[in-house]
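# no sequence on this one, just coordinates:
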């Protein structure tokens, strides 16, 4: 079995300073590739360097809504400058999106930055890695307006079956993460059990979103295998078929080498 963690913040502790060891631990669990999304412009260069230095790592650059108070208009210019350079292992724009969970969301500003980045994704023909908390319906409206050629993934999905199906009809994949491992997350588990296998990607959101049994610990990319194991318990397809589909889905969306 081989897996890709399609969402790991590898530029944060506990991975900083232990990059080679962390990549080796992931590989032992079959997690051969890791996509590292940015949260703000200050991390663009570091993530690009990580991807250049380590065969297993791939970069996504974007302005995360959770850091809305740190983003400046000039950071959009910085993002476009990186896109113009076309680093070989830059595979997506992300993490971008919308978030109404925060105390002061500055939502109009979030929407402005999201639209600007979706336009860049369309111009440079890259997929997007999308964050959405309490904003699935609003996010879907933005995606309909922009009609990206490469689409993307709604990561860490925890919405309803109807919301997931709406994203899939628009051509977007759904990120399967650690929430799935909690028995109390019955809505998410039931939703991901019913979606087309061709629409699913595997992720951890490490070091965030700890899996059941690892509460209080930093999440890690090797635990993507445990997410897959839980998904296998919920779906009718054979485990090998699920693993192969997740691998193919990831290659297709992010245009990764086999």
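Looks like it arrived, so ask away. This one's a predicted model, so the numbers in the text were calculated from it and none came from an experiment.

# Let me know the pLDDT of residue 33.
On pLDDT, residue 33 comes in at 98.

# Test my guess that it contacts residue 56.
Yes - applying CB atoms under 8 Å, one finds residue 33 in contact with residue 56, separated by 5.6 Å. Where you see a C-beta, it was placed from the backbone N, CA and C, and this is true even at glycine.

# Neighbour count for these two, which is higher?
residue 33 (24 against 21; other CB atoms under 10 Å).

# got the contact list for that one?
Residue 33 makes contact with 3-5, 56-58, 250, 256, according to CB atoms under 8 Å, 6 or more residues apart in numbering.

# In helices, which of those appear?
residue 250 (DSSP state H).

# from the contacts of residue 33, which single one is nearest residue 158?
Of all those, residue 5 has the smallest distance to residue 158: 18.1 Å, by CB to CB.

# hey, what's the closest one bridged with?
Taking DSSP bridges as the rule, residue 5 bridges to residue 34.

# Hmm, it is touching residue 203, no?
Yes - Residue 5 is within contact range of residue 203, at 6.0 Å (criterion: CB under 8 Å).

# Common neighbours of those two, please.
residue 224.

# residues touching residue 237, list them.
Contacts of residue 237 were listed using CB under 8 Å, 6+ apart, and they are 197, 245.

# Residue 179 - that's part of a helix, no?
Yes - membership of residue 179 in a helix is supported by DSSP: H, G, I helix; E, B strand; the rest coil.

# Now for residue 212: which residues touch it?
178, 181-183.

# Would you mind putting those residues into JSON lines with pLDDT, distance to residue 132 and neighbour count alongside?
Formatted as JSON lines, these follow (pLDDT from 0 to 100; distance: CB to CB, whole Å; neighbours: other CB atoms under 10 Å):
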{"residue": "178", "pLDDT": "96", "distance to residue 132": "17", "neighbour count": "24"}
{"residue": "181", "pLDDT": "97", "distance to residue 132": "20", "neighbour count": "21"}
{"residue": "182", "pLDDT": "97", "distance to residue 132": "19", "neighbour count": "16"}
{"residue": "183", "pLDDT": "95", "distance to residue 132": "24", "neighbour count": "8"}
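
# Mind putting those residues into JSON lines with distance to residue 127?
JSON lines is the format used below for the contacts of residue 212 (distance: CB to CB, whole Å):
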{"residue": "178", "distance to residue 127": "22"}
{"residue": "181", "distance to residue 127": "26"}
{"residue": "182", "distance to residue 127": "28"}
{"residue": "183", "distance to residue 127": "32"}
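
# List the neighbouring strands of the lengthiest strand in the chain plus their orientation.
Longest strand of the chain, by residue count under DSSP state E: strand 90-99. Paired strands of strand 90-99, with direction, are strand 57-61 (parallel), strand 128-133 (parallel) (DSSP bridges).

# Specify the next element, helix or strand, located C-terminal of the shortest one.
If I follow you right, that is strand 57-61. Toward the C-terminus, strand 57-61 is succeeded by helix 73-85 as the next helix or strand (DSSP states H and E).

# Would you mark the buried spots in the longest helix seen in the chain?
Identified as the longest helix of the chain according to DSSP H is helix 107-124. Residues of helix 107-124 classed as buried: 107, 110-111, 113-114, 116-118, 120-122, 124 (neighbour count, 16 or more other CB atoms under 10 Å).

# Double-check residue 222 against residue 24; I have them as touching.
No - under the criterion of CB under 8 Å, residue 222 makes no contact with residue 24, lying 9.6 Å away.
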